[in-house]
Every structure is written in structure tokens, then in C-alpha cells.
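Novice: Give me a model of this one.
(one chain, ligands or ions: 1)
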Amino acid sequence: MSSILEVQGLTKRFGGLTAVKDMRFDVGRGEIVGILGPNGAGKTTLFNLLTSFIRPDEGRALFNGVDLGRHTPAQVVNLGLARTFQLCRPFVGMSVLENVMVACYSPRGRASGEGPRERSLRMLEDVGLAHKADTPAELLSYGDQRRLEIARALATDPLLLLLDEPFAGLGSSEIEPLSALIRRLHGERGLSILIIEHKLREFMQLVQRVVAIDFGELIAVGDAQDIVRHPKVVEAYIGKSEVDLVTA
Ligand SMILES: Nc1ncnc2c1ncn2[C@@H]1O[C@H](COP(=O)(O)OP(=O)(O)OP(=O)(O)O)[C@@H](O)[C@H]1O
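Specialist: A predicted model of the protein is given here:
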């Protein structure tokens, strides 16, 4: 499997704190990879580096061989790398449909040849939100806002989708359908996906490989089943009782 993303020694310091240190891993084309780590481990900083919201102090990330650090966030989207955020930020005062239409005007969205309205509706159907197309975006439930975020990202026609804690704040009745949606998008579109999550149980069902980090450093990479038992992961994060719970 060739790599769509190659992270090569990325490092980011905030004053005396090294939030991401010499990070190295790959994402294969069409692969779902999870980033696992406790609060403050550097997961969102890593996403901010990949999407050029911030610049690395050292190292680089190659997307289809292109150095992402040399591009602006908008250019990164135009290369085919889209993200969602931990905190959903829809355009308020606009409908759900209009929120997605904005993304349809991106270069990759326009290149699809579909009209923005038609494309928007198709994306909303894809994520199960078409029936709420005319609803003001700020009135959506938390779970539906996550779907809207995904629809907006999909409208830019990504090759790699970064999902920042898509299950945060959701109840178990919302997590399973959202997880099924992510699996379907991966299966049907052949999307490569990099997903941050705290919840190991959800990871076990969803991801093909896990990158475990702690204090900004890579501590293990491997199958979810192996990572959950990896001594450094257990020590840093999970605790034996949690391993028993997750693997039960
Ligand atoms: N702009 C910034 N300035 C200073 N320190 C920062 C900045 N952004 C992040 N940090 C620090 O870098 C470390 C990593 O933060 P980051 O948000 O990447 O962690 P995280 O793994 O995403 O955590 P969480 O799961 O809580 O979202 C933390 O100690 C955080 O306080």
C-alpha cells in the first residue's frame, strides 16, 4: 500500500513546551488510522501542523509527496486534505444546506462539475442530514453538527479526511451510527481517514492501525488489538482495568 501521508520528524514547540516531538508515521492510501493519546498529548497540535494552521519547528509532512508546511490552510484543502474540528463551528444565520454550499465553491468542489446546490444536497444525503437542509445550522443537535462538519469536508472532495474527536460529547446512541457513517464513507469512497479519539472502544471497531502518542511523542504504532495491550500504552494511558473493559 503506498502512502498518501508521510509524517517525517514533525516537531512543534510552544515556548519551553514541546507539544509534538519528532513525530513519524504514515497513512496508506485508503487506510483508516487512529491517533490515540490522553489530554494534552499533542493530537490537535499534530492536526494543526498537518493542515498548516501552524508551522513546524522541525520536520515535515508529505501529502502525495507535497510538503504541506509550504502551503496555506486553504491550499492544503485544495490539495485534497480536509478536516473537521473538535468544536463544531457552523456558519450561524445560515441553513444547513448553505453551510455545505460554501464548501462546494472550493476549487475541488467546483471541479466536480455539479452545481453547488445539487452537490450540497448530495453530501447531506450522504451523511443523513438531507431532511434538515433548511434548518438553521445553529439549531442542530451536537450529533447532527458533527455530520454537518463531515458533509462540509466531503464537499471539498478530499482524498484524506482528518476527524478531530468526532465522538466527543456524544451519547452511545449517537456514536454507533456516526461510526457506521465513517466506515461507509471509507468503504464507498475509498477515503483515507486519520481520526483522533480518546475512546479506545470506538477505535477498536473503526481503525485499521493506531498511532499512540504521549507528551507529544510516538510511543507505539500497530493494530488496535496489539496497541491496547502495548506496555507503554497501558502505562501512559489506559490502565489494566480499561484494557480488560475494552477487550472484553
Ligand atoms: N497555541 C498554544 N500555545 C501554547 N501551548 C499550546 C498551544 N496549543 C497547544 N498547547 C499545549 O500543547 C500541548 C498539546 O496540546 P494539544 O491540544 O495538541 O493536545 P491534545 O492531545 O489535542 O489534547 P486534548 O485531547 O485535550 O484535545 C498541551 O500541553 C497544550 O496546553
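Novice: which secondary structure element contains the spatially most central residue of the chain?
Specialist: Geometric centre of the chain, nearest residue: Leu163, 1.7 Å, by C-alpha atoms, centre = their mean. Using DSSP states H and E, Leu163 sits in strand 160-164.
Novice: can you confirm Leu124 is in a helix?
Specialist: Yes. Per DSSP: H, G, I helix; E, B strand; the rest coil, Leu124 lies within a helix segment.
Novice: who's in contact with the residue nearest to the centre of the chain?
Specialist: 83-84, 150, 182, 193-196 (C-beta atoms under 8 Å, 6 or more residues apart in numbering). Quick note: C-beta positions are derived from backbone N, CA and C, even for glycine.
Novice: So which bits of the chain are right by the ligand?
Specialist: Counting by C-beta under 6 Å from any ligand atom, the chain comes close to the ligand at 14, 17, 19, 37, 39-45.
Novice: For the spatially closest residue to Ser120 that is not a sequence neighbour, list the residues it contacts.
Specialist: Distances taken as C-beta to C-beta, 6 or more residues apart in numbering place Val100 nearest to Ser120, at 4.1 Å, with adjacent residues excluded. For Val100, the contact set (C-beta under 8 Å, 6+ apart) comprises 119-120, 123-124, 148, 151-152, 155.
Novice: Try it again at 10 Å.
Specialist: 90, 94, 109, 116-117, 119-124, 127, 129, 133, 137, 148, 151-155 (C-beta atoms under 10 Å, 6 or more residues apart in numbering).
Novice: Would you format the contacts of Leu163 as JSON lines with secondary structure, neighbour count and pLDDT included?
Specialist: Converted to JSON lines, the contacts of Leu163 look like this (DSSP: H, G, I helix; E, B strand; the rest coil; neighbours: other C-beta atoms under 10 Å; pLDDT from 0 to 100):
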{"residue": "Arg83", "secondary structure": "strand", "neighbour count": "22", "pLDDT": "94"}
{"residue": "Thr84", "secondary structure": "coil", "neighbour count": "24", "pLDDT": "93"}
{"residue": "Ile150", "secondary structure": "helix", "neighbour count": "23", "pLDDT": "95"}
{"residue": "Ile182", "secondary structure": "helix", "neighbour count": "23", "pLDDT": "94"}
{"residue": "Ile193", "secondary structure": "strand", "neighbour count": "23", "pLDDT": "97"}
{"residue": "Leu194", "secondary structure": "strand", "neighbour count": "26", "pLDDT": "97"}
{"residue": "Ile195", "secondary structure": "strand", "neighbour count": "24", "pLDDT": "95"}
{"residue": "Ile196", "secondary structure": "strand", "neighbour count": "23", "pLDDT": "92"}
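Novice: Could you let me know which of those ends up closest to the ligand?
Specialist: For the contacts of Leu163, the closest approach to the ligand (C-beta to the nearest ligand atom) belongs to Ile196, at 6.9 Å.
Novice: Strands along the protein, start to end?
Specialist: For the chain, applying DSSP state E gives strands covering 3-14, 17-28, 32-36, 58-63, 66-67, 81-83, 160-164, 192-197, 209-214, 217-222.
Novice: wait, which of those is closest to Ser141?
Specialist: For these, distance to Ser141 was read as C-beta to C-beta. The smallest value, 18.1 Å, belongs to strand 160-164.
Novice: CA atoms only: put that closest one into PDB for me.
Specialist: Only the C-alpha atoms of strand 160-164 are listed here, as PDB (Å, rounded to 0.1, in the frame of the first residue of the first chain):
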ATOM      1  CA  LEU A 160      -7.600  12.300   3.100                       C
ATOM      2  CA  LEU A 161     -10.100  13.300   5.800                       C
ATOM      3  CA  LEU A 162      -8.900  14.300   9.300                       C
ATOM      4  CA  LEU A 163     -11.500  13.900  12.000                       C
ATOM      5  CA  ASP A 164     -10.800  15.500  15.400                       C
END
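Novice: got the angle for it vs strand 192-197?
Specialist: 10 degrees (axes from the mean of the first three to the mean of the last three C-alpha atoms, to 10 degrees).
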